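# Fold the stuff below for me.
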Amino acid sequence: MMDLTMDMGHRAALLAVQAAACSASGPPGNIESSRWQFQQVHSKFPASFFGPHTLGSRSARMLGSAYLQGGPGGMPPPGQPGTSGQQNGAGGKDDSYFTESRKGEVNELRTLLRTFGTEKDRQRKRDIMKKVIAYMTLGIDVSRLFTEMMLAIETRDLVIKKMVYLFLCNYAETHPDLAQMCTNTLVKDSGNEDPMVRGLALRALCSLRLPQMIEYTSEPLRRSLQDGHAYVRKTGVMGILKMYHLNREEFDRKAFTDILYDMLRDPDSSVVSNCILVLNEIMEEEGGMALNRAVMLHLLNRIHEFSEFGILSVLDLIPRYIPANDEEGFQIMNLLDPVLRTANSSAVCATIRAFLSIAESIGKRPGDDRDPDSPTVDDLKKQVCIRIRAPLVTLMSSGSSELTYVLLKYVDQLIDLCPGIFDEEYRMFYVRFSDASHIKHSKVRLLAKLANPQTAPDIVAEMGELVADGDETMGRLAVRSMGAIALHDTGGQGCVESIARRLVEMLDLQVPHVSSEAATALAGLARRHPDTIAVMSAPLPRALRYITEPQGKASVIFLLGEYGESIQEAPYSLEKVIDNYDNIVDDGVKTALLAATVKLFFHRPPECQHMLGRLFKKATEDVSSQDLHDRALFYYRLLRSSPDPDIVKSIISKSMTMSTRQFAEEDDSELKAALMDEFNTLCTVYRCKPENFIEDANIVPFVRMPKEHPLPSDAPLAPVPDPGVNAVTDQLGGASITEQQGQAAPPPPAPAVTSGEVDLLGFGFDEPATPAPVSSAGSLQSLSLKASVTLSGDAYQSLWGSVPDGEAIVTPALPMRTAPSATDAVEASLKTFNVFTMASGELPTEFKFFLYGQEEDAFGGGFFLIQAIMLKAPASLSLTIKVSGGDPDPTKRKEKTDQLIELIKSSLGQYI
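Here you go, the predicted structure:
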């Protein structure tokens, strides 16, 4: 009986494996799982055949389970621990929905969806929806559930509603008839009282992307642009872009482009950033969205409101903007300076590109009839590179390997623009053990460009250590970098000879790639510095026997032919190579051998005559290289037909010494200039022009705007605000404000606003009436301020800091009838009373002014430094006054301060 049980157990195992094999060989997409077939076979036998004490039971289970699981990563049969979707008791359900489906499970989902409306458990509803979405993601056609999914859309659960919208959008293109069924529901949801539902419905409606849906989409889309919630508006802006790609005629008919320009004034910054992106894509054929001074200043004034993503969209516009004059360009640069201190590498790189573009626009060029003291384009670019050096090095040292690689590419490009800028930071470019290989290679290439008489010794020593690195590419690059330093003669006195001796030592190393690269570097070095041949001549014959790489062997042969007159063994070394000509495979070695032997023949004819004849015979019969064959015939006929050997010598033995610091093939100045125009793009990483990797139809033209400014170049400018503290600059703890009239900012930060000179986007600023001067009466007669005072920003900061905060006079908030609309009217009113403005700015809830005035010398000549804060709602004025110098009597100081407060109140009589 035991034998019969064991036999039946083995039969069960074989049947299980056969059943699994049949299932595994079935057509793709069959949702019947092989593990279920095994379970069905298993159920055909009595339980006694698979008892715990029979060998057949263990064999069946082991063989069947091993085959069905498909190895270590397989899935256990249903009903055993670890099965996906199994109830875990107290632990709840498994969150993995992307598992192989079972037979009829789509029908089961249909049944569950039909009871969806009566299901009370919200989590159970979500699980059903997740299962449908999981099947859809795996490629299983669940479009049969379309009707049931449509019924499930009537819910208040945003998670379920979002999954239903995803289901509808996924099957819209393949099942347009079914998609039209949901049109009324989506249109209805786009008017829901919940803004999240409105936004989700609008996004789903625009994502259907069916031409026949345009008539249903236009009106909800237009309505969303005037919605009271920012999420709906920014979703509508992106929906405009989808309509543009779907039906441009309808897009133009609805005049959505003009609407987008109007929405640049939207109070929500996320809506504005979306408008910028959409306009840039819509108008890419014209080079991007149209820019003028009003648009640019408006966006810069609000840059403190944008998120990091929004700030990048604004920064990308600056390179295309042409400043009205030099002062405006400097104000924009001062505004963007705090962004360089952020940890956002994208913002920093975009700011660098903006700085370089502004420098290109406002810098003085040869032939300009400007002030001789005006900075040139090169001077401004150098100042920009100095300013951005520290932020770049900091980001490069603290970022990921991918980010570091890109930043190293940017540094390489900036070094080409302004050589020597990063020389002081050369130690930051040393190779670290933990660096990735591509980072190490980039650093080694850069170190050669950072060499100067002070840094070259350390850099060359570092390169010498890297030569023996286990990475072959690293060793090659280290040798090439040492050769580049010597070739360009950037290391100072004695550096060339020192590097030449190091390279000579490398010729004898038993490392093939190092010896080959050293020989190649010596060949170039000998052409640039012929006096180094005395250092390298002795080991060349020996090196020719051991160097195996074609490039290195060709370099040694070149040196023996070029300088063989002073190398005793040169002809004999070349003769051995000629005798082994048939074993030479590389055509470059053969060509170098031919040229070297012919050249050496004119220096040492007796020793080279016979071997040159043998070489001519072999080279002219060699058909492996047409160039080699023709060159050998040319040399042979030239020597045979020329009546005067000196003429032939003058042709063949022309000196190969270089008169410049680089070879012709290394001159890529044109490419470097083109890459600077594409800074902060993939062109920098790939080091090629965009047309080399982008189709011409997809290249967006770079158009700078505006061509003409409404103001003359010498017109006074509206000050531009500083971004202050926001998502990008919050780590700065505050930001300095833009200087007015070329003066520096005071210690307390305060952003400035545009003046009333420019009507930004048709806002229609009212021109405030300047009040007439009010004569000082009574107690005001004893306070006399100078009508003309010159005070620099540094002096203001020094005076403010010299007065302790405890001596400052702070007034309580003075109620105001109304807050000013702009800072200009306040500044003009104060100026009539000889109270001048150092800087001013507008924040969302208040205006800030930094004011000053000076007493007449006859009354002590003291300075009054004032910080004024005007709240917008409720309108009020607060003053903080510090007195520096003047009468030391505290009583008189207090009296004069009170008089100054009354004077300020009188000057602002229209508001107080």
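
# I'd like the next helix or strand past the host helix or strand of Leu297.
Element membership of Leu297 [criterion: DSSP states H and E] is helix 293-301. Downstream of helix 293-301, the first helix or strand assigned by DSSP H and E is helix 308-315.

# For the residue most central in space within the chain, list the residues it contacts.
Residue closest to the average C-alpha location in the chain (Cα atoms, centre = their mean): Ser346, at 4.3 Å. Shown in contact with Ser346 (Cβ atoms under 8 Å, 6 or more residues apart in numbering): Glu308, Leu312. In short, each C-beta sits where N, CA and C put it, glycine included.

# Taking their axis directions, the helix or strand where it lies and helix 308-315 sit at what angle?
Applying DSSP H and E as the criterion places Ser346 in helix 345-362. Inter-element angle recorded for helix 345-362 and helix 308-315: 10 degrees (by axes from the mean of the first three to the mean of the last three Cα atoms, to 10 degrees).

# mean confidence score for helix 345-362?
Taken as a whole, helix 345-362 has an average pLDDT of 93.

# How about stretch 307-321?
Summarised as a single mean, pLDDT over stretch 307-321 is 92.

# Can you check what pLDDT the model gives Leu225?
Among the per-residue scores, Leu225 shows a pLDDT of 89.

# any idea how far it is from Phe256?
9 Å (Cβ to Cβ, to the nearest Å).

# joint contacts of these two?
Common neighbours of Leu225 and Phe256 (Cβ under 8 Å, 6+ apart) are Ile240.

# When those two are compared, which one has more neighbours?
The neighbour count for Leu225 versus Phe256, taken as other Cβ atoms under 10 Å, is higher for Phe256 (25 against 21).

# In this structure that one contacts Tyr244, no?
Yes: shown here, Phe256 and Tyr244 form a contact pair, counting by Cβ atoms under 8 Å, at 7.4 Å.

# Name the residues of the helix or strand hosting Ile578 that are buried.
Using DSSP H and E, Ile578 sits within helix 570-579. Of all the residues in helix 570-579, those buried under the rule 16 or more other Cβ atoms under 10 Å are Ala570, Pro571, Ser573, Leu574, Glu575, Val577, Ile578.

# cool, and stretch 877-893?
Result for stretch 877-893 [16+ other Cβ under 10 Å]: buried residues Leu877, Leu879, Ile881, Lys882, Val883, Ser884, Gly886, Asp887, Arg893.

# now do stretch 471-483
Quick answer for stretch 471-483 (16+ other Cβ under 10 Å): Met474, Gly475, Arg476, Leu477, Ala478, Val479, Arg480, Ser481, Met482, Gly483.

# Export the helix or strand where the third one lies to PDB, keeping only CA atoms.
Secondary-structure assignment from DSSP H and E places Arg476 in helix 472-488. Taking only C-alpha atoms (Å, rounded to 0.1, in the frame of the first residue of the first chain), the coordinates of helix 472-488 have been written out as PDB:
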ATOM      1  CA  GLU A 472      43.100  53.400 -17.800                       C
ATOM      2  CA  THR A 473      41.200  56.500 -18.900                       C
ATOM      3  CA  MET A 474      42.200  58.400 -15.800                       C
ATOM      4  CA  GLY A 475      45.800  57.600 -16.400                       C
ATOM      5  CA  ARG A 476      45.600  58.800 -20.000                       C
ATOM      6  CA  LEU A 477      43.900  62.000 -19.100                       C
ATOM      7  CA  ALA A 478      46.400  62.700 -16.400                       C
ATOM      8  CA  VAL A 479      49.300  62.400 -18.800                       C
ATOM      9  CA  ARG A 480      47.500  64.600 -21.400                       C
ATOM     10  CA  SER A 481      46.700  67.300 -18.800                       C
ATOM     11  CA  MET A 482      50.400  67.400 -17.800                       C
ATOM     12  CA  GLY A 483      51.300  67.800 -21.500                       C
ATOM     13  CA  ALA A 484      48.700  70.500 -22.000                       C
ATOM     14  CA  ILE A 485      50.200  72.500 -19.100                       C
ATOM     15  CA  ALA A 486      53.600  72.300 -20.600                       C
ATOM     16  CA  LEU A 487      52.400  72.900 -24.200                       C
ATOM     17  CA  HIS A 488      50.600  76.100 -23.200                       C
END
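
# And the average pLDDT for that helix is what?
Helix 472-488 comes out with an average pLDDT of 93.

# helix or strand right after the lowest-mean-pLDDT helix or strand in the chain?
Every helix and strand of the chain was ranked by mean pLDDT, DSSP states H and E. The lowest is helix 55-69, at a mean of 38. Sequence-wise, the next helix or strand downstream of helix 55-69 (DSSP H and E) is helix 105-114.

# picking up where we left off before, just curious, which of the buried residues of stretch 877-893 is nearest to Glu856?
Nearest to Glu856 among those: Gly886, at 10.4 Å, using Cβ to Cβ.

# give the contact list for the closest one.
For Gly886, the contacting residues are Glu855, Phe859, Gly860, Gly861, Gly862, Phe863, Arg893, Lys896, by Cβ under 8 Å, 6+ apart.

# switch to 6 Å and redo it
Glu855, Gly860, Gly862 (Cβ atoms under 6 Å, 6 or more residues apart in numbering).

# can I assume it sits in a strand?
No: secondary structure assignment places Gly886 outside any strand; it is coil (DSSP: H, G, I helix; E, B strand; the rest coil).

# Would you mind measuring from it to Lys905?
The value you get for Gly886 to Lys905, if Cβ to Cβ is used, is 21 Å.

# Then Val835?
Applying Cβ to Cβ to Val835 and Lys905 gives a distance of 12 Å.

# Looking only at neighbour counts, state which of those two leads.
Neighbours were counted for Val835 and for Lys905 using other Cβ under 10 Å; Val835 has more, 22 against 15.

# now the more buried one, nearest residue through space, not along the chain?
Nearest residue to Val835, sequence neighbours excluded (Cβ to Cβ, 6 or more residues apart in numbering): Gly853, at 4.8 Å.

# Also Glu472?
The shortest distance from Glu472 to any non-neighbouring residue, by Cβ to Cβ, 6+ apart, is to His513 (5.3 Å).

# one step back: what's the first helix or strand after the helix holding Arg476?
Next along from helix 472-488, by DSSP H and E: helix 495-507.

# Go ahead and name everything in contact with that following helix.
Helix 495-507 is contacted from outside by 456, 482, 486, 514-515, 518, 521-522, 529, 532, 535-536, 539, 543, using Cβ under 6 Å, 6+ apart.

# Since that was my last question, I'll sign off now.
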